[in-house]
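> 3D, please:
(chains A and B)
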2 protein chains.
Amino acid sequence: MPRFDSAGLVTAVAVEHATGALLMLAHMDAEAIARTRETGFAHFHSRSRGRLWMKGETSGHVLKVIEIRVDCDQDALELRVEAAGPACHTMAPSCFYRRITADGGLERIGG
Amino acid sequence: MPRFDSAGLVTAVAVEHATGALLMLAHMDAEAIARTRETGFAHFHSRSRGRLWMKGETSGHVLKVIEIRVDCDQDALELRVEAAGPACHTMAPSCFYRRITADGGLERIGG
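Predicted coordinates:
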């Protein structure tokens, strides 16, 4: 089992398995990890809503989990996934769709 | 500026710019972000040591930052980097060097 923080969570990063693209970052508790492993679809724990959710449960943009990787100190997970649609609720392919410019502003990028 | 948590931190994920490989996950406060942008090398805030640190300050395995991306709700950063050596203190290229097997064990992988 991973090393959960005081709130019982680990950080999880979803990466598109075929391309390596970073898609999104969320948090998992033991229940989210168990449901993800049982179903093969990414589940997270919503800190704002205080409950388990399956990514794509309303949008249909689920993440099929190919592999789960663990980092050296076991407090972060990498979910290697196939995405059924845009990973971001803004409909961008990835939540990381903006970069910081030299003057400190934000600029939209392709991915 | 990003949306810092109650401890003044955002989660930062370092990704190898050339390959997309997920290298490591750490935390940044406003100072770490400012130093990273000033120097072009990844700085983080160590929660255990309670201080700013530059990745590679002792090992020499620095991360040259090509681009900083921000996620949709601005509470996570993606550092697109060139790594001067193994990103992990274990000398693995990435901190995410193990996967969870079907029976719940851990297995070492290539990257």
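
> In contact with A:Thr19, which residues?
Neighbour list for A:Thr19: B:Gly20 [criterion: C-beta atoms under 8 Å, 6 or more residues apart in numbering or on different chains]. Backbone N, C-alpha and C define where each C-beta goes, glycine included.

> Assign a three-state SS to it, would you?
Following DSSP: H, G, I helix; E, B strand; the rest coil, we place A:Thr19 in the coil state.

> Tell me the residues of chain A that contact chain B?
A:11, A:13, A:15, A:19-22, A:24-25, A:37, A:67-73, A:76, A:78, A:88-90, A:92, A:95-100, A:104, A:106, A:109 (C-beta under 8 Å from any C-beta of the partner chain).

> and these, which of them are in helices?
A:Arg37 (DSSP state H).

> OK, now which residue of chain A is nearest to chain B?
At 2.9 Å from chain B, A:Gly20 is the closest residue in chain A, using C-beta to the nearest C-beta.

> Give me the angle between the one helix or strand A:His27 maps to and strand B:22-28.
Secondary structure assignment for A:His27, by DSSP states H and E: strand A:22-28. Here the directions of strand A:22-28 and strand B:22-28 differ by 60 degrees (axes from the mean of the first three to the mean of the last three C-alpha atoms, to 10 degrees).

> Can you list the helices and strands that strand A:22-28 packs against?
With contacts defined as 3 or more C-beta pairs under 8 Å, 6 or more residues apart in numbering or on different chains; DSSP states H and E, strand A:22-28 has these neighbours: strand A:10-16, strand A:43-46, strand A:76-83, strand B:10-16.
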